[in-house]
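Participant: Here is the input, now give the coordinates:
(one chain, ligands or ions: 1)
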Amino acid sequence: MTLSRLALLQATASTRSQRLCFAARGFHTSVLRRNDTTSVPRRTRNIGIIAHIDAGKTTTTERMLYYSGFTRRLGDFLPASIRLSHTYHSPSDVDEGSTVTDFLPAERARGITIQSAAITFSWPPAGPEAPESSTSTPARLSSHSHSINLIDTPGHADFTFEVLRSLRILDGAVCILDGVAGVEAQTEQVWRQANHYDIPRLVFVNKLDRDGAAFARTVREVGTRLGVWPAVCQIPWWREADSKLQGVGDVIGMRALLYSEGGDGKAMQVFDLASLHEYHGEFAAELGRARVALVELLSEHDDDMVEKFLEAEEDHLAISEVDIVNSLRKLTCAKPQPITPLFSGASFRNIGVQPLLDAVVDLLPAPEERPDPDTKIGDRHMGLNQLLSGSVNLQPPPSKKPGKGRAVQPNKATMSLKNVETCALAFKVVNDAKRGVLVYVRVYSGRIGRNTSLFNTNLNVTERPSRTLRMYANQAVDVESIAAGQIGVLPGLKFARTGDTLMAYTGANPKVGPPPPLNSLQLRPIAVPPPVFFASVEPNSLSEEKHLQDQLALLLREDPSLHVAQDPDSGQTHLSGMGELHLEIARDRLIQDLKAKARIGNIQIGYRETITNTSSQQEAIFDRDIAGKSAKAGSTAVVANVSDVDPRPDQIELDDNNVLSLSFPDLDDDGTPLAEDGRSLPENLPIEVVRSALQSGVSAALGRGPSFSFSMHSTHISLTFDITNHLFDSTTPAALSSAARLATTRALKDAASLSGAVLMEPVMIVTISVDAPSLGAVVHDISSARGGQIISLDGEDDDLAYDAIDPKRIYTPPDPFGGSGSGVEGLGEMKGMRQITARVPLKEMVGYLKHLRSLTAGRGTFVMRVDQFERMNAQRMKIVVGEMRGSFE
Ligand SMILES: Nc1nc2c(ncn2[C@@H]2O[C@H](COP(=O)(O)OP(=O)(O)OP(=O)(O)O)[C@@H](O)[C@H]2O)c(=O)[nH]1
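Facilitator: As a prediction, the model looks like this:
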């Protein structure tokens, strides 16, 4: 018998028919203790909250912080312990714009979450008020205080990259659904991304207090649209008289929690099954049915549960709470996840949040229980621990050119692994008005202390944090160090950007860093999606230019899905991003928060250019002074469309499907002259430096197409650096880069002059949710007026559709508003909202939300992502070019 159940029964023994009124275990508020034992990895949970926009992520997070004792009032801006020294008074809640996690001014103004904030708190609360029962009895994990690092992720489609960036450092996630809207398009998108990273997930069906709440339908949609069996662990408890949500039934612990109406949710009445039978017999019977369904579902996937069931003499209700939790935990952390534990409530009404927190601790994994983190060196992937244990051969393959292979010292690379002390991933950079730039890191091995030298493997620089902090929303607390499995914050770093890998390495000159190939190690690399919108940025005056460039650089450190390109001829700066809202927010951040004095032009679509012809060979010799010193270098370029060139094994993949092939006719792979008496590269120009300088020159040239100044797409560049004609005494990396840029630009112009430019446009995969009566009008609008192509209705022909889950086999309790529980008759209601998936050019989607709303009486929503860039036909190009000319005038 578990302690909580024991306590419950003791309490019920005296006045069995009376209802009990006490704060349930772990549901106390208490003083937050920062130096408790919760930094132990197995007592840590790194979790995120994911969902569709407005599902209630921020409200639920606020409640979590409140119940954990982190804030003293619902919606308090500052954590309780820090607030004591401030005289800060704030209104409450998202609607009033004062929540803890949405703290950027732009977020407050818009009432949506833009940047994910990382917050640490304890659950159950640590400190003297924490329950003492836990240490002696191995009951549920949630009877011990755990440290929860919570990342609040944004729900808007424009911030998908921000969600991805957070997902990769999470060990688990809570997916919040709106109990009225059900599974929405953005949720599906994020769910799939979480599948990609194998993130164990729980579901919380929120907003069940609202009229029209449909728990049963939402549960079934979890199965049919997210492709995972919903394991209903908590059912809503509707009031008999008026069907208002009053509490929840805990299917794991077989008890019911009754919340007082209008209360803060801390105190609740707890009924065990016997007293529930007396109080609300029908609900007690439903709780029993839910338990049967849960045990049946677990048994289908977990043989241990079958055994427990047999041990319990086939009585579903007799299986212990701990056995249920163990089975749920095992299946939640399985790869792929076959079931998702599902909870219910209404965080705005303070119902159901504490059991959800218990579930986070009980069912989601500790960092050490997660698979070995994906690591990349060159183009090879491996687990970090696998790498650090020395079981990966890091030797480069022998040179293919005969007779020129250099003997590599055996085990040299492997030996250097023992010097890797720490590996961490910078997953977020924020410019804090008070503390300067803060870099959020997740540490994967070792620990980061104050002054640890960190080598940035993306930028090849070493830097040291001035302090090590834990972040409590926008409040920072100093800590000695940040250990493996933890999330922390480093101030004082000047270069680290979101997504960079940081490594502490002993025994090397900090300026040089670890030896190759370790110096290129990447933790959990992600591909940055292509930007599809841009706007010009111009300083208000010349004197503002430097400040503007600094602030743009900061913006890019914060958000690598933004791009800044400078046109060397016009001097114009272009800021590009993934969506209209993305750029609008970037603009606000630049002007309002970072105080850049600049004008931002209209937001326009970022088309691409391509070529259909192969250029002639174009040679360029760069010969000019750079920083007062003469600099000279040369190179030769030929460009073609990628489809016209056979792929080479050593080609370099660049952004936008561009490909670079570098040729060194008189050098070996490692830079050694092929001829015995051949000229070699000078010491200050090793082959890696030459390669990287040439590549950066080519990338710069590709940023500006020959006809419309859009970036190039699907272009193959053959660049030749021949030591006899292109290397001079004054050759420097900067000169090499300039020569490569010049040669590539000339080749692009030559190719375009032969056949004219071709524009490419972003084509999106659009998922639209509409009410059934509007379906016809929306489909017609997409396919005729917008030139879109319908791919599927209700995900039927979608490649990604899940077909293994039969909604008739999903258990659900009945809904109070006419909906029904399990059974075929309940399925008709799922047709309430229909889903259209289509491919549509982005140009046709600009301003679409407003139009969709008018077609659907305000009920339609959509999300979209880039499918690919496609060549425009001549007629379409004429229209687009005409419009562009108009907008340029
Ligand atoms: N009735 C009801 N309203 C809720 C509940 N939870 C949240 N809301 C309301 O729903 C709206 C959106 O809530 P948020 O918490 O900001 O949602 P979010 O998911 O964080 O939204 P984004 O940050 O924009 O993605 C607000 O008006 C909340 O007050 C609930 O349980 N019941």
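Participant: okay, the residue of the stretch 551-700 of the chain found nearest the ligand: pLDDT?
Facilitator: In the stretch 551-700 of the chain, the residue that lies nearest the ligand is residue 581 (11.0 Å; CB to the nearest ligand atom). All C-beta spots, glycine's among them, are computed from the backbone N, C-alpha and C. Looking at residue 581, its pLDDT reads 78.
Participant: Then residue 570?
Facilitator: Reported pLDDT for residue 570: 70.
Participant: Count residues in the vicinity of it, would you?
Facilitator: 11 (other CB atoms under 10 Å).
Participant: what's the answer for residue 563, then?
Facilitator: Close neighbours of residue 563, defined as other CB under 10 Å, add up to 20.
Participant: Run through the residues that contact it.
Facilitator: The contact partners of residue 563, by CB atoms under 8 Å, 6 or more residues apart in numbering, come to 531, 556, 575-577.
Participant: Okay, and which of these map to strands?
Facilitator: 575-577 (DSSP state E).
Participant: What's the PyMOL line that selects buried ones from the residues you listed?
Facilitator: Those of the ones in strands among the contacts of residue 563 that count as buried under 16 or more other CB atoms under 10 Å are selected in PyMOL with:
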select buried, resi 575+576+577
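Participant: about what we covered before: distance-wise, check the residue of the stretch 551-700 of the chain closest to the ligand relative to residue 587.
Facilitator: Distance of residue 581 to residue 587, given as CB to CB, to the nearest Å: 10 Å.
Participant: Name the SS class of the residue of the stretch 551-700 of the chain closest to the ligand, please.
Facilitator: In three-state terms, and counting by DSSP: H, G, I helix; E, B strand; the rest coil, residue 581 is helix.
Participant: Now for it, how many residues are close by?
Facilitator: Using other CB under 10 Å, residue 581 has 18 other residues around it.
Participant: Please apply the same query to residue 182.
Facilitator: 24.
Participant: With residue 669 instead?
Facilitator: Using other CB under 10 Å: residue 669 sits among 17 other residues.
Participant: That one looks like it's in a strand, true?
Facilitator: No. Residue 669 sits outside any strand when classified using three-state DSSP, being coil.
Participant: returning to what we had before: looking at the ones in strands among the contacts of residue 563, which one is closest to residue 442?
Facilitator: Distance to residue 442 across the ones in strands among the contacts of residue 563 (CB to CB) is lowest for residue 577, with 24.7 Å.
Participant: which residues sit in contact with the closest residue to the closest one other than its chain neighbours?
Facilitator: Excluding the flanking residues, the one nearest residue 577 by CB to CB, 6 or more residues apart in numbering is residue 583, at 4.4 Å. When contacts are counted by CB under 8 Å, 6+ apart, residue 583 touches 533-535, 575-577, 603.
Participant: One more pass at 10 Å, please.
Facilitator: Neighbouring residues of residue 583 by CB atoms under 10 Å, 6 or more residues apart in numbering: 158, 531-535, 562, 575-577, 600, 603-604.
Participant: Need the worst-confidence member of those residues.
Facilitator: Looking at the contacts of residue 583 by pLDDT, the weakest one is residue 158, with 55.
Participant: what about the helices in the stretch 51-200 of the chain?
Facilitator: Ranges of helices in the stretch 51-200 of the chain, per DSSP state H, counting those that start in this stretch, are 57-67, 80-83, 105-110, 160-167, 185-196.
Participant: buried set for the helix or strand hosting residue 776?
Facilitator: In this structure, residue 776 sits in helix 775-780 according to DSSP states H and E. Neighbour counts over helix 775-780 (16+ other CB under 10 Å) mark 775, 778-779 as buried.
Participant: which helices and strands does that helix pack with?
Facilitator: Using 3 or more CB pairs under 10 Å, 6 or more residues apart in numbering; DSSP states H and E, the elements in contact with helix 775-780 are strand 758-771, strand 789-793, strand 833-841, helix 848-855.
Participant: In its sheet, which strands sit next to the next helix-or-strand element following the last one, and in what direction?
Facilitator: Looking back up the chat, that one is helix 848-855. Per DSSP H and E, the first helix or strand lying C-terminal to helix 848-855 is strand 861-871. Strand 861-871 sits in its sheet next to strand 758-771 (antiparallel), going by DSSP bridges.
Participant: gap between the strand it pairs with and the chain center?
Facilitator: Put simply, strand 758-771 sits 22 Å off its chain's centre (CA atoms, centre = their mean, to the nearest Å).
Participant: could you give the angle of it to strand 833-841?
Facilitator: On the basis of axes from the mean of the first three to the mean of the last three CA atoms, to 10 degrees, strand 758-771 is oriented at 170 degrees to strand 833-841.
Participant: Show me which positions of strand 758-771 end up buried.
Facilitator: 758-770.
Participant: thinking again about what came up before, okay if I get the contacts of residue 563 as a markdown table plus distance to the ligand?
Facilitator: Shown next, in a markdown table, are the contacts of residue 563 (distance: CB to the nearest ligand atom, whole Å):
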| residue | distance to the ligand |
| --- | --- |
| 531 | 22 |
| 556 | 24 |
| 575 | 23 |
| 576 | 24 |
| 577 | 18 |
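Participant: coming back round to it: any chance of the buried residues of strand 758-771 in TSV, plus distance to the ligand and pLDDT?
Facilitator: TSV is the format used below for these (distance: CB to the nearest ligand atom, whole Å; pLDDT from 0 to 100):
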residue	distance to the ligand	pLDDT
758	39	90
759	35	94
760	32	96
761	29	95
762	24	93
763	27	95
764	21	92
765	21	91
766	20	90
767	17	87
768	19	89
769	16	84
770	21	86
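Participant: just for the stretch 351-500 of the chain, where's the confidence low?
Facilitator: For the stretch 351-500 of the chain, the stretches with pLDDT under 70 are 395-415, 472-475.
Participant: and the residue of it nearest the ligand?
Facilitator: Here the stretch 351-500 of the chain gets closest to the ligand at one residue, residue 351, 7.6 Å apart by CB to the nearest ligand atom.
Participant: Report the contact partners of that residue.
Facilitator: Here residue 351 is in contact with 63, 206, 208-209, 236-237, 245-248, 257-259, 261, 263, 265, 268, 344-345 (CB under 10 Å, 6+ apart).
Participant: Perfect, that will be all.
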